[in-house]
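Chemist: Here's my sequence, what's the structure:
(chains A and B)
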Amino acid sequence: MKKVALLVLLGAAALLPIKYGVAQERAAALAITVKDHRFEPAELRAPANRPISISVKNADSAPIEFESVSLRVEKVIAPGTSGTVNVRPLAPGRYEFFDDFHQQTRGTLVVQ
Amino acid sequence: MVTINKQKKIGTLLRLPLHRPVLIVAIAAVAFFACRVSAQAQDNNAFHEIETKYIFGTFTVGSSTGIESEKAFEPETQAAFGKRGGRYATSATTLEFEYTPTQYLQIIGGPIVSYYNIRNVPDLDDRNLATVSGFEAEFRSVLIDRGPSPLAVTLSVEPEFHSRDETSGAKVVNYALDVKLEADAELIKNRLFLGFNLLYEPETTRADLGMWSKESTFGISSALAFQIVPNVVVGGDLWYLRHYEGALFDSFTGDAVYLGPTFYWKIAPKILMSATWQAQIAGHEQGINAAFDLTDFSRYRARLLLEFEF
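Modeler: Numbers count the residues shown, from 1 in each chain, chains lettered A, B, ... in the order given. Prediction:
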């Protein structure tokens, strides 16, 4: 049993550096603003298979939580401040994001 | 005759005061969700992305590993009911703390509190006991991301320590390792999901006599989950389990097929619940000429999970 456990753990450990190694590439920089509970622009575009850095500015008077299930990120941003969200390299596709404190505030990241 | 008896039994149950409120609540819940389904059937924009980890009821687990930096408290209760005779009900509640340090890895851990209510069950001592019975940790890593393909796969490795036997409640020293491949596919965007798990769980136990004994369980599952209204998912989960003596499938002792409904509800942005109840619908125990394997497995099993994110 010890051998099996060791093999499983080594296998899992071996997979992680591959992913993190990819994430060392230079990130594509994007910027977005939340104003009047709307993302501006509502659609962002980014290259595929490269890390992405999204600067999120909260121009509203209430805090927001930038969140995405498929991007697997969330960040609380106080009113009048900015925050940066780092995203792993992505395959081409459309990825939703939203403000978890105001669920009707939604946008899309298009990766090509 | 059987039908008449069954009708009598159902009639008796409905007359019991406990079942009336349950029935009323169930009918009201069905009516409520039916109204919402019809109101939103034409509005697919109301359905957004959903984390798949708990949408299959938690016996079958989806591939989602959470959101980076997310922390949550998750009390999860697994219950088992029914053996070959007598009265058998046990539960194990894991008070889990879940943390997602990266976009690829999730760590979960917590103590286990068990309850045993066993009376007149063949081969088991009578017991009525609630106690802290162990600790478990879990490491989940993404193997295949959902991308161009709708399929996503996660590897879960879960070392466990138990100071009480999970079935009998007897004092033991037990170490187990749950290894699971958790896969799911999005069949209809944001609406219909297919889940698939592969389980291997070797364990070693030292009981009263001081001897160590090894056993292992192999399992395969398939589950379907449909988001009927935003944040509410219903479905079904099917499991096939095989139990062996020995850590590497040395000697087959029995198998079981479980089937049951699943329910998931994201109650609020930071709170969710997931529940399932399953019955052993087929099974066989080596050397016993009777339906089901009720030595290695229970007749019924259920799970209830609540998640509070903070």
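
Chemist: quick one: low-confidence parts of the stretch 101-250 of chain B?
Modeler: Judged by pLDDT under 70, the stretch 101-250 of chain B has no weakly predicted residues.

Chemist: got the contact list for the residue of it found nearest chain A?
Modeler: Nearest residue of the stretch 101-250 of chain B to chain A: B:Gly147, at 3.0 Å (C-beta to the nearest C-beta). C-betas here are computed from N, CA, C, even on glycine. By C-beta atoms under 8 Å, 6 or more residues apart in numbering or on different chains, the residues touching B:Gly147 are A:90-93.

Chemist: give me that answer again for 10 Å
Modeler: A:48-49, A:70, A:90-93, A:111 (C-beta atoms under 10 Å, 6 or more residues apart in numbering or on different chains).

Chemist: what's it sitting at in phi/psi?
Modeler: Torsion angles at B:Gly147 (phi, psi; degrees, to the nearest 10) stand at phi -150, psi -120.

Chemist: now swap in the one 3 residues further on and tell me
Modeler: Per-residue torsions, B:Pro150: phi -80, psi 0 (degrees, to the nearest 10).

Chemist: Return the distance of it relative to B:Lys189.
Modeler: According to C-beta to C-beta, to the nearest Å, B:Pro150 and B:Lys189 sit 9 Å apart.

Chemist: Comparing these two, which residue is more hemmed in?
Modeler: Set B:Pro150 next to B:Lys189 and count neighbours by other C-beta atoms under 10 Å in any protein chain shown: B:Pro150 wins out with 14 against 11.

Chemist: Surely the more buried one is in contact with B:Asn190?
Modeler: No - under the criterion of C-beta atoms under 10 Å, B:Pro150 makes no contact with B:Asn190, lying 11.6 Å away.

Chemist: Helix, strand, or coil at whatever residue of chain A ends up closest to chain B?
Modeler: Ranking the residues of chain A by distance to chain B (C-beta to the nearest C-beta) places A:Ala91 first, at 3.0 Å. Using DSSP: H, G, I helix; E, B strand; the rest coil, the three-state assignment for A:Ala91 comes out as coil.

Chemist: Report the beta-bridge partner residues of A:Ser55.
Modeler: A:Ala31, A:Thr84 (DSSP bridges).

Chemist: swap in B:Asn128?
Modeler: Going by DSSP bridges, B:Asn128 forms beta bridges with B:Asn117.

Chemist: quick one: contacts for it?
Modeler: Contacts of B:Asn128 (C-beta under 10 Å, 6+ apart): B:115-119, B:169.

Chemist: where exactly do the helices run in chain A?
Modeler: Under the criterion DSSP state H, helices of chain A are mapped to A:2-22.

Chemist: Might you list the low-confidence residue ranges for it?
Modeler: Using pLDDT under 70, chain A drops low at A:1-25.

Chemist: Drop anything exposed from the contacts of B:Asn128.
Modeler: By neighbour count, with 16 or more other C-beta atoms under 10 Å in any protein chain shown, the contacts of B:Asn128 hold B:115-118, B:169 as buried.

Chemist: farthest-separated two in the residues you listed?
Modeler: Largest separation among the buried ones among the contacts of B:Asn128 by C-beta to C-beta: B:Tyr115 and B:Ile118, giving 10.4 Å.
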